[in-house]
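K.L.:
Below is the structure, and that's it, no one-letter string:
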């Protein structure tokens, strides 16, 4: 079968990484044929390194008109993802966007409506969905092994970032540049996995600190409490200011408890569901018999490569997408609700008032005193980051 | 040295347990000489079993006037602890009260003021303070090993209780009987240890469910977020409705992270403090070198026996109390603040309005529809509980 020709829009940290993967033939059914970036110096860098085989553009118009490719990976700034995706889809390209889907759900909803009308394959780089542990966790919960859910707690505080990291990117950690901090840059994967596995909460109450650990204006410390339709509760705790931090997801249900930590999935399985034990037990102190089960999680964690392969496979063979682009709105909805709750110091019901969120975000942008110069931008080696 | 003669007020679950320990000579410097209970059937039971050596009273007045003992253990219902302790201290007895110190801080404050004027030794049964793990944890933090604290998260959800447990005690899990649920009955130890180790928070925002998992009127599911004076945050998550539940305390500071779980204390120690690393590091992605250290926690966990021995030792030799009675107010303050926050669906600053709390509690009592009959009371074997 003919290889899918790929163009990449945005050759910053992530775009460069994806380009290298394609050039290393890690996605055998695809090849990189074009790139585009608004920065002439980045385009020159790309031309110097890849120019022989890859067409390099600094104009999106020329990039799309060239027809040098069949499908486009969008690795621009968060804010631009919805607009870029709509242009790509409308120009007739299969589209894979980097996370997050955008910065505010209002724009992402518009993008989704364009995507739904398009016959092109639209995916999002939720590369943690290729992680065998989370795949297995989702499979167990979907299969009812945990019974009705009662609680989920995700402590994801191992996103340590130094001041020098923030100082290296002009757009980074500003309301105008990223539209948020740890929730927009580091956590989109966990917010997505959380809703993918546990479903969407119905309301959110969150607590944030802005620039608590670093000289930045956005959130670097978040504690969020959520409630689900069935009465289950959830917690999401995240920061970039702690070392070594923790990545521990605990989900409790009627049939026991699952903990994902240290790349292990452990299931404390009740021999009979707790609700049944409670109905039958007549003693004073007593609890259901519980087995500690170490659950195998096999398979390679292909991350970005896995998402690109799945997207290309879907383009060629109609294979089901692991991370459909239109699902990007879910994690962002939780993220936006968390911001809105912290800004208003109040509960936020989902769905929330998207106009109010947009208005509050504009207030943050216009009252910002952080105006980093473009010259501060550096391209960082993202090997080992997500 | 002459043995301290002990009287026990209240021969329910806990009082009976303490009596048995004393009769088994587990506190060598003390002997049980008298008991008192308002229930004539309990007194008769005590007389039948221990009558030869222990004076048995069903009148507190006669009990105190008898002078059969030098020191009294108060193991009555939560509400009665402050009043009972004041009577005991004013009657000239050294006093050890069961936890919690009371149900509302207003009464406990009054008790403390009596205790402060007394020359008698006043202790509280915070028997988890004898646990070598928590002693070690406190020692490490007090010694500055963790540096300035950033976050603490205590997930203490392994208090599983069945409906039959609640049905076995007429006073249990009612506003009039206990004044609360999991926070008043199961969690006083953790609330005390939390403040003992991490200090008192300055404000609290909590979320509770009342009778979510059981047919009870009080809270059986709590998520509480707190903030400390230095900006650190904390979470306390507890329930009686999950199995197998979790008991995991994580504390993060400038110098790393400590986790207490599965009877192990693990210290992820940063080679240089995070704040120093952050000042010096000039790269993109990078974090402080971290050593995983397994900290030894030696010594026997004597629990109730340990507290009784320490109290008796203090009476005889002036030894420093491990759990001074007047410190009982701290954990209860957090507990009351959590209730008030949930009831008002709002922040509660510490110190809070104690009159408002008392008023709200009275409203709960007067609107209660749970009127369990006294005949439902059963004495449960508390071996292995706290």
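P.N.:
That came through fine. What you are looking at is a predicted structure, and each value in this text was computed from that prediction instead of being measured.
K.L.:
Show me what counts as buried in the longest helix seen in chain A.
P.N.:
In chain A, with assignment by DSSP state H, the single longest helix is helix A:328-344. Neighbour-count burial for helix A:328-344, counted by 16 or more other CB atoms under 10 Å in any protein chain shown, picks out A:328-343. All C-beta atoms are positioned from the backbone trio N, CA, C, and that covers glycine.
K.L.:
Need the mean per-residue confidence for that helix.
P.N.:
Average pLDDT, helix A:328-344: 98.
K.L.:
Let's see the pLDDT reported for residue A:168.
P.N.:
Per-residue pLDDT puts residue A:168 at 88.
K.L.:
I should have written residue A:57 there, sorry.
P.N.:
pLDDT, read off for residue A:57, is 97.
K.L.:
do the same with residue A:304
P.N.:
Reading off the confidence values, residue A:304 has pLDDT 97.
K.L.:
Leaving out sequence neighbours, find the closest residue to it.
P.N.:
Closest residue to residue A:304 apart from its sequence neighbours, by CB to CB, 6 or more residues apart in numbering or on different chains: residue A:127 at 4.8 Å.
K.L.:
ok, now residue A:272?
P.N.:
residue A:288 (5.8 Å).
K.L.:
For that neighbour, the count of nearby residues, please.
P.N.:
By the criterion of other CB atoms under 10 Å in any protein chain shown, residue A:288 has 22 neighbours.
K.L.:
can you give me the helices in chain A?
P.N.:
With DSSP H as the criterion, chain A has helices spanning A:13-23, A:40-50, A:60-66, A:81-90, A:105-117, A:132-142, A:163-167, A:182-185, A:188-198, A:274-280, A:303-317, A:328-344, A:354-366.
K.L.:
The ones you listed into TSV, with extra columns for distance to residue B:85?
P.N.:
Formatted as TSV, the helices of chain A follow (distance: least, CB to CB, whole Å):
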stretch	distance to residue B:85
helix A:13-23	64
helix A:40-50	73
helix A:60-66	77
helix A:81-90	64
helix A:105-117	56
helix A:132-142	49
helix A:163-167	53
helix A:182-185	48
helix A:188-198	46
helix A:274-280	36
helix A:303-317	61
helix A:328-344	43
helix A:354-366	52
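K.L.:
ok so, going back, roughly how far out does the longest helix of chain A sit from the chain middle?
P.N.:
Relative to the centre of its chain, helix A:328-344 is centred 13 Å away, using CA atoms, centre = their mean, to the nearest Å.
K.L.:
what do you get for stretch A:327-344?
P.N.:
13 Å.
K.L.:
Any regions of chain A where pLDDT drops low?
P.N.:
A:371-386 (pLDDT under 70).
K.L.:
Need the nearest residue in space to residue A:293, chain neighbours excluded.
P.N.:
Nearest one to residue A:293, counting by CB to CB, 6+ apart, is residue A:267 at 4.4 Å.
K.L.:
surely that neighbour meets residue A:147?
P.N.:
No - using CB atoms under 8 Å, residue A:267 makes no contact with residue A:147, being 11.9 Å away.
K.L.:
Next, show the common contact partners of those two.
P.N.:
residue A:256 (CB atoms under 8 Å, 6 or more residues apart in numbering or on different chains).
K.L.:
Same drill for those two, tell me which one is more crowded.
P.N.:
Set residue A:267 next to residue A:147 and count neighbours by other CB under 10 Å: residue A:267 wins out with 20 against 17.
K.L.:
Who are the contact partners of the residue nearest to residue A:109 when sequence neighbours are not counted?
P.N.:
Nearest residue to residue A:109, sequence neighbours excluded (CB to CB, 6+ apart): residue A:329, at 6.6 Å. Going by CB under 8 Å, 6+ apart, residue A:329 touches A:101, A:105, A:108, A:109, A:112.
K.L.:
Next one: residue A:302 relative to residue B:31, how far apart?
P.N.:
Distance, residue A:302 to residue B:31, using CB to CB, to the nearest Å: 71 Å.
K.L.:
returning to what we had before: would you enumerate the residues in contact with the residue nearest to residue A:304?
P.N.:
With the criterion set at CB under 8 Å, 6+ apart, residue A:127 makes contact with A:189, A:303, A:304, A:306, A:307, A:323, A:386.
K.L.:
Got phi/psi on the closest residue to residue A:64 other than its chain neighbours?
P.N.:
Leaving out its chain neighbours, the residue that sits closest to residue A:64 by CB to CB, 6+ apart is residue A:91, at 4.6 Å. Torsion angles at residue A:91 (phi, psi; degrees, to the nearest 10) stand at phi -80, psi 0.
K.L.:
What of the one 10 residues further on?
P.N.:
Dihedral pair for residue A:101: phi -60, psi -30, per degrees, to the nearest 10.
K.L.:
give the contact list for the residue lying closest to it once chain neighbours are set aside.
P.N.:
Using CB to CB, 6+ apart and skipping residues adjacent in sequence, the residue nearest residue A:101 is residue A:328, 2.8 Å away. Counting by CB under 8 Å, 6+ apart, residue A:328 makes contact with A:97, A:99, A:100, A:101, A:102, A:108, A:124, A:126, A:192.
K.L.:
Go through the contacts of residue A:127 and name the one nearest chain B.
P.N.:
Proximity of the contacts of residue A:127 to chain B (CB to the nearest CB) peaks at residue A:386, which lies at 11.2 Å.
K.L.:
Run through the residues that contact residue A:243.
P.N.:
Residue A:243 sits next to A:160, B:256, B:270, B:274, B:277, B:287, B:288, B:290 when contact means CB under 8 Å, 6+ apart.
K.L.:
meant to ask about residue A:37, not that
P.N.:
Counted by CB under 8 Å, 6+ apart, residue A:37 has contacts A:9, A:10, A:11, A:12, A:15, A:43, A:46, A:58.
K.L.:
May I see these arranged in CSV, with neighbour count and distance to chain B as well?
P.N.:
Below are these laid out as CSV (neighbours: other CB atoms under 10 Å in any protein chain shown; distance: CB to the nearest CB, whole Å):
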residue, neighbour count, distance to chain B
A:9, 28, 23
A:10, 25, 18
A:11, 25, 17
A:12, 21, 13
A:15, 23, 16
A:43, 19, 22
A:46, 25, 20
A:58, 18, 25
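K.L.:
which residues does whatever residue of the stretch 1-150 of chain A ends up closest to chain B contact?
P.N.:
Distance from chain B to each residue of the stretch 1-150 of chain A (CB to the nearest CB) is smallest for residue A:150, at 6.0 Å. Contacts for residue A:150 were tallied using CB under 8 Å, 6+ apart; they are A:232, A:233, A:252, A:253, A:254, B:241, B:242.
K.L.:
Which pair of those residues spans the longest distance?
P.N.:
A:233 and A:254 (14.5 Å; CB to CB).
K.L.:
Now do residue A:312 against residue A:123, distance only.
P.N.:
Between residue A:312 and residue A:123 the computed distance is 10 Å (CB to CB).
K.L.:
Please disregard the earlier target; I meant residue A:28.
P.N.:
Separation of residue A:28 from residue A:123 (CB to CB) stands at 18 Å.
K.L.:
again, but for residue A:8
P.N.:
14 Å.
K.L.:
ok, now which ones touch the residue lying closest to residue A:354 once chain neighbours are set aside?
P.N.:
In space, not counting the residues next to it along the chain, residue A:354 is nearest to residue A:106; the distance is 4.4 Å by CB to CB, 6+ apart. Contacts here follow CB under 8 Å, 6+ apart; on that basis residue A:106 touches A:354, A:355, A:357, A:358.
K.L.:
what about 10 Å?
P.N.:
By CB atoms under 10 Å, 6 or more residues apart in numbering or on different chains, the contact set of residue A:106 is A:82, A:336, A:354, A:355, A:357, A:358, A:361.
K.L.:
What's the local residue count around residue A:311?
P.N.:
Using other CB under 10 Å, residue A:311 has 30 neighbouring residues.
K.L.:
Alright, I will stop here.
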